[in-house]
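Novice: sequence isn't available, so here's the structure alone:
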Ligand SMILES: [Zn+2]
């Protein structure tokens, strides 16, 4: 216990621990203890951090082509990850007896993998069978975008899109299938060009009724 401030004297415990690779490729942990230093970094504008990041990867951030790059990068990251129109109202209408499958397919989507911040680029196929309500058709792509515009993995985007539509439309079932290219797998790692990953989430009747599931899978097969 500190006699002056009555606080526990755990102030020398590391307050920031970041996994890293040493120059020899070993896994290490970078530790920072200095609260003032951490605070200063927290307050630093992201453009400044990006400027130094460019420097540390061997670039000259002052050359003509890069001078505005930190500004541009921060702007577009913000636009992509915190879009102003992320929140939207999922308008619904009376289904008026419509009880067959509604499909919007080949919806282009873009995301970033959370492990490497590399692009995920693909198409989404969304179907539902209405109960009492139908949605404005544009709301299906918007739901997909709402979850794609984050640091993500494809499985989670698929699940979240299906869950959101289940909650807000209360349909008999929702089917979401995403098929996408992962640039972290194509440009690095196994370096397999033009490989497509497909993830599918089925709920309600798409799970219990094999013919509904088959109809969905046949319709999205191109
Ligand atoms: Zn990745």
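Specialist: Done, it's in. If you're wondering where the values come from, they're calculated on a predicted model, not measured in any experiment.
Novice: quick one: contacts of the longest helix belonging to the chain?
Specialist: Counting by DSSP state H, the longest helix found in the chain is helix 154-169. With contact meaning CB atoms under 8 Å, 6 or more residues apart in numbering, helix 154-169 is reached by 90, 92, 109, 111, 120, 122, 124, 126, 128, 130-131, 133-135, 140, 143-144, 146-148, 171, 174-178, 180, 182, 197, 199-204. The C-beta positions use only the backbone N, C-alpha and C, and glycine is treated the same way.
Novice: in it, what counts as buried?
Specialist: Neighbour counts over helix 154-169 (16 or more other CB atoms under 10 Å) mark 154, 157, 158, 159, 160, 161, 162, 164, 165, 166, 169 as buried.
Novice: just stretch 180-199 next, same as before
Specialist: Buried residues in stretch 180-199, counted by 16+ other CB under 10 Å: 180, 181, 182, 183, 184, 185, 186, 199.
Novice: is the first one in a bridge, and if so with what?
Specialist: When bridges are called by DSSP bridges, residue 180 pairs up with residue 122, residue 197.
Novice: what does the protein put close to the ion?
Specialist: Applying CB under 5 Å from the ion, one finds that the chain approaches the ion through 113, 115, 116, 184.
Novice: which of those fall within strands?
Specialist: Those of those mapping onto strands are residue 113, per DSSP state E.
Novice: where along the protein do the helices fall?
Specialist: 35-43, 46-56, 69-81, 139-148, 154-169, 183-186, 205-208, 210-220.
Novice: to residue 62, which of these lies closest?
Specialist: Counting by CB to CB, residue 62 lies closest to helix 46-56 out of the helices of the chain; the figure is 8.9 Å.
Novice: pLDDT below threshold where in the chain?
Specialist: 1-14, 222 (pLDDT under 70).
Novice: care to break it down by domain?
Specialist: 16-81, 92-220 (automatic domain parsing).
Novice: ok, back up a step: export the helices of the chain to CSV and append columns for distance to residue 29.
Specialist: Formatted as CSV, the helices of the chain follow (distance: least, CB to CB, whole Å):
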stretch, distance to residue 29
helix 35-43, 15
helix 46-56, 18
helix 69-81, 26
helix 139-148, 32
helix 154-169, 27
helix 183-186, 23
helix 205-208, 44
helix 210-220, 45
